[in-house]
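Undergrad: Generate coordinates for the sequence data below:
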Amino acid sequence: MNDFNKNPITPEPRGDEHTEPQQPTMEQPAAETQNTEPRTPYQTPVQHPVYHQATQQQQQPYGGAPYTQDPMGAAPQPQPPKKKKHGKAIAIGLGGVAAACLLFAGGALIGHMVYTGNGNAVTASAQAGDLPTVQINEAPDLDPDNYDVVNGLAGEEIYKKVSPSIVSVISTTASGTGSGSGVIMSEDGYIITNNHVVEDAQSVTVQLSDGTQYDATIIGTDEQTDLAVLKVEPEGTLTAAEFGDSDELQPGEYAYAIGSPGGVQFANTITGGRISAINRDVTINDRVMTLIQTDASINPGNSGGALINKYGQVVGITSAKLSSSGFGETSVEGMGFAIPINTAKEVVDELIANGYVAGRPSIGITGSNVESADGSIAGVQVYSIDSRAKAASEGLQVGDIITAVNGTPTPTMDDINEIKEDMQAGDKLTLTVYRISTGKMVNLTVTLTDAHDLEGDDPAEESTQNSQSSNGGSQYQNPFSYFGW
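TA: Just a heads-up that it's a prediction; the model follows:
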């Protein structure tokens, strides 16, 4: 779970009622009631044409609005953390077709539950036998008589080698059916795809390159990295992809993408181009991801498919493309993005082993970036604290303004997350907070909670809502007018 921003509430004008804040002093903390974390849309669905007729009343037809977020026109949303400080966000459209418009709550994962093709759930621990891991290979020694030192293997050789390892992923939700792509990582049927391809799926079907279909189980998903792992039970062995070292990629070298753009009717389509850039930080739905950029054509339905190097090795999981809305009316072509396989390996291995990514740290809060009129107080005002978070019993209160972490000023939630991202669940943070109720500064030591423990709805949510309803609304008073915000 990541800690999120919450849009500040703008108070009604109250004439001359604003007063100056009291001078900060130090005091000891006290615990207070918690609220639940808000949820925000992650994506907009796009229907692929194979299933359009059957579900046209349920989903937007293929060719409609792409997965985009207009940085100028859309209302601001609570923001997950960014790894680094960045300038203006680039609007990105997800490259795959997902099944439904979904919500996320604090980076919730499907986690310890896996789902069978008929919608029944079993625990991940039911998976038996030795578990595979993603194996990263060095560049192969190729016969110079059949290999171009500059350009690599011929495109037709790339296709013959990799296409049997690429599948179409058909995902059915309560809203309809959509599809994406996947990469076979093991002969016994483990498959890598994108989280947004299978998120909220009631059932998942995988179609191999020869047209054979299997019901698939969702082993685990990770919304933060947009990765998921599926499992099928094949009658024989499958052709597993060979994975290459994405850290060795160089801008300018040849690259290929194989997937199902537009749906299963265009399954195993190959496109070619170049590696345009590496370590490209882009913002997708308010989340900063470090991706490989390529001009190999990536379209809706390619999500979860393979980005391939000149040796025929899978070096990335295709996930996104640039939308023209990022540049106003300007048309944009040839700007696709893939998750580096070296980045995906750790997540995929964790999903196979645990069903979720363990150890991610979370304070367990939502908050607003705020600043007093005179600039003397700037920080993140706590809007809610998950009752399951350790911080809930360690003195942090709703309404507190976090102004520093471990002595470093944190005027925004991004600044808090930048400090937190290199830590682990169980580590401790020293928070400096301005307490509205007393006008004093407080130093708190809080313990980071494993984000996995904060999945789903806060169990205190219902009782809090009932309490607020019986008292005619929220007991939390908006302090912004006090500070003149």
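Undergrad: need the longest helix for the chain.
TA: The helix that spans the most residues within the chain, counting by DSSP state H, is helix 341-354.
Undergrad: Could you pull up phi and psi at S165?
TA: When read as degrees, to the nearest 10, the backbone of S165 gives phi -100, psi 0.
Undergrad: change the start of the numbering to 23 and stick with it
TA: I'll keep to 23 as the first residue from here, and by that count the last item is S187.
Undergrad: and the next element down the chain from the longest helix of the chain?
TA: Downstream of helix 363-376, the first helix or strand assigned by DSSP states H and E is strand 383-384.
Undergrad: helices and strands around that next one, which ones?
TA: Strand 383-384 is packed against strand 471-472, with contacts defined by 3 or more C-beta pairs under 8 Å, 6 or more residues apart in numbering; DSSP states H and E. The way it works is simple: take the backbone N, C-alpha and C, and place the C-beta from them, glycine included.
Undergrad: quick one: contacts of the strand it packs on?
TA: With contact meaning C-beta atoms under 8 Å, 6 or more residues apart in numbering, strand 471-472 is reached by 23, 380-386, 408, 410-413, 447-448.
Undergrad: make it 7 Å
TA: 380-382, 384, 386, 411-412, 447 (C-beta atoms under 7 Å, 6 or more residues apart in numbering).
Undergrad: And stretch 252-259, end to end?
TA: 16 Å (C-alpha to C-alpha, to the nearest Å).
Undergrad: Then stretch 355-373?
TA: For stretch 355-373, the first-to-last residue distance is 34 Å (C-alpha to C-alpha).
Undergrad: residues of that stretch that come out buried?
TA: Buried positions in stretch 355-373, judged by neighbour count with 16 or more other C-beta atoms under 10 Å: 357-367, 369-373.
Undergrad: Likewise for stretch 287-301?
TA: Neighbour counts using 16+ other C-beta under 10 Å place 288-300 of stretch 287-301 among the buried residues.
Undergrad: I'd like to know which elements the top strand by length along the chain is packed against.
TA: Among the segments of the chain that qualify as a strand by DSSP state E, the longest is strand 291-306. Here strand 291-306 is seen to pack against strand 114-116, strand 276-281, strand 309-316 when contacts are counted using 3 or more C-beta pairs under 7 Å, 6 or more residues apart in numbering; DSSP states H and E.
Undergrad: Could you save these as a markdown table and add columns showing mean pLDDT and mean neighbour count?
TA: Shown next, in a markdown table, are those (pLDDT from 0 to 100; neighbours: other C-beta atoms under 10 Å):
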| stretch | mean pLDDT | mean neighbour count |
| --- | --- | --- |
| strand 114-116 | 41 | 27 |
| strand 276-281 | 97 | 26 |
| strand 309-316 | 91 | 23 |
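Undergrad: so can I have CSV of these showing distance to P154?
TA: Formatted as CSV, the helices and strands packed on strand 291-306 follow (distance: least, C-beta to C-beta, whole Å):
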stretch, distance to P154
strand 114-116, 27
strand 276-281, 21
strand 309-316, 23
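Undergrad: Compare these and report which one is nearest to G211.
TA: strand 276-281 (18.8 Å; C-beta to C-beta).
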